[in-house]
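Participant: mind folding the following:
(2 chains)
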Amino acid sequence: EVQLVESGGGLVQPGGSLRLSCAASGFTFSNYWMHWVRQAPGKGLVWVSRLSSDGSNIVYADSVKGRFTISRDNAKNTVYLQMNSLRAEDTAVYYCATWGWSRGYWGQGTLVTVSS
Amino acid sequence: DIVMTQTPLSSPVTLGQPASISCNSSQSLVHSDGNTYLSWLQQRPGQPPRLLIYKISNRFSGVPDRFSGSGAGTDFTLKISRVEPEDVGVYYCMQAAQFPLTFGRGTKVEIK
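Facilitator: Have a look, this model is predicted:
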């Protein structure tokens, strides 16, 4: 069974940091490019970042550039999102996702709340 | 950024009847590699998104064949041939032709 399981969300004060993890299983993780997408409460989907299969090619949304860092450990089948200088507008459910070769997978998401 | 515009925002449908959602992009989604990177996603209430369609008309593995996609260039359509109760939710189009990837605002499909 394919699974993407996010963790690491929680309540953090403005200016604080969090590190999200997404553990993958059930497919060849090292072949897939990985994305983070977020969804503010009651709102639509917003793409955050993408990382190539070998970790060499990274793209960020302008809204998080310079504050967020995406990385992966193919030995652990895990992708990360380091989030620094968090703002209230970063409050959202964060999903990891991937697609390719007619298969697409999303995790259940982890909630990040930025509030004092 | 490419703006994705979906219509309608809400679609009340009768069970067993068809439903159709339109998506228009502010720029062509034809990539330099010749592919058109337009996808459709479904989000059931309280659930994460699920990928339905990629490259306009290709179903992801496990997606029922009552879902179909069509279109070209900047205009695309998702059709559900016969709506079933489990199809209730919000449907999003997404472009991956250019960074940043962008989504439509979503179309809510509900049962009349």
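
Participant: only C-alpha atoms for contact and neighbour calcs from this point on.
Facilitator: Fine.

Participant: would you map the strands across chain B?
Facilitator: Here chain B has its strands, by DSSP state E, at B:4-7, B:10-13, B:19-25, B:38-43, B:50-54, B:58-59, B:67-72, B:75-80, B:89-95, B:102-103, B:107-111.

Participant: dump these into CSV; add mean pLDDT as well.
Facilitator: Output for the strands of chain B, formatted as CSV (pLDDT from 0 to 100):
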stretch, mean pLDDT
strand B:4-7, 98
strand B:10-13, 96
strand B:19-25, 98
strand B:38-43, 98
strand B:50-54, 97
strand B:58-59, 97
strand B:67-72, 98
strand B:75-80, 98
strand B:89-95, 98
strand B:102-103, 98
strand B:107-111, 97
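
Participant: give the burial count for residue 58, as a bare number.
Facilitator: Going with chain A. By the measure other Cα atoms under 10 Å in any protein chain shown, the count of residues near A:Ile58 is 16.

Participant: look at chain B instead
Facilitator: 18.

Participant: can you check the one 4 residues further on too?
Facilitator: Here the neighbour count serves as a burial measure; for B:Gly62 (other Cα under 10 Å) it reads 11.

Participant: quick check, pLDDT for it.
Facilitator: On the pLDDT scale, B:Gly62 is placed at 94.

Participant: so who does the residue nearest in space to the middle of chain A touch?
Facilitator: Nearest residue to the geometric centre of chain A (Cα atoms, centre = their mean): A:Trp36, 3.4 Å. Residues counted as contacts of A:Trp36 (Cα atoms under 8 Å, 6 or more residues apart in numbering or on different chains) are A:47-50, A:81, A:94-97.

Participant: give me the subset of those residues lying in strands.
Facilitator: A:47-50, A:81, A:94-97.

Participant: quick revisit: tell me, which of the contacts of A:Trp36 make contact with chain B?
Facilitator: Subset of the contacts of A:Trp36 in contact with chain B: A:47, A:95, counting by Cα under 8 Å from any Cα of the partner chain.

Participant: closest one of the contacts of A:Trp36 to chain B?
Facilitator: Comparing those against chain B with Cα to the nearest Cα picks out A:Trp47 as the nearest, at 6.0 Å.

Participant: tell me, how many residues neighbour residue 44?
Facilitator: Just so you know, I chose chain A. 14.

Participant: try again with chain B
Facilitator: Around B:Arg44 there are 17 residues (other Cα under 10 Å).

Participant: to A:Arg67, which of the strands of chain B lies closest?
Facilitator: strand B:102-103 (20.0 Å; Cα to Cα).

Participant: direction included, what does that closest one pair up with?
Facilitator: Here strand B:102-103 has these sheet partners by DSSP bridges: strand B:89-95 (antiparallel).

Participant: hang on, the residue nearest to the centre of chain A in a helix?
Facilitator: No. Counting by DSSP: H, G, I helix; E, B strand; the rest coil, A:Trp36 falls outside a helix, being strand.

Participant: that one bridge partners, please.
Facilitator: The partner residues for A:Trp36, given DSSP bridges, come to A:Ser49, A:Cys96.

Participant: per-residue confidence at it?
Facilitator: On the pLDDT scale, A:Trp36 gets 98.
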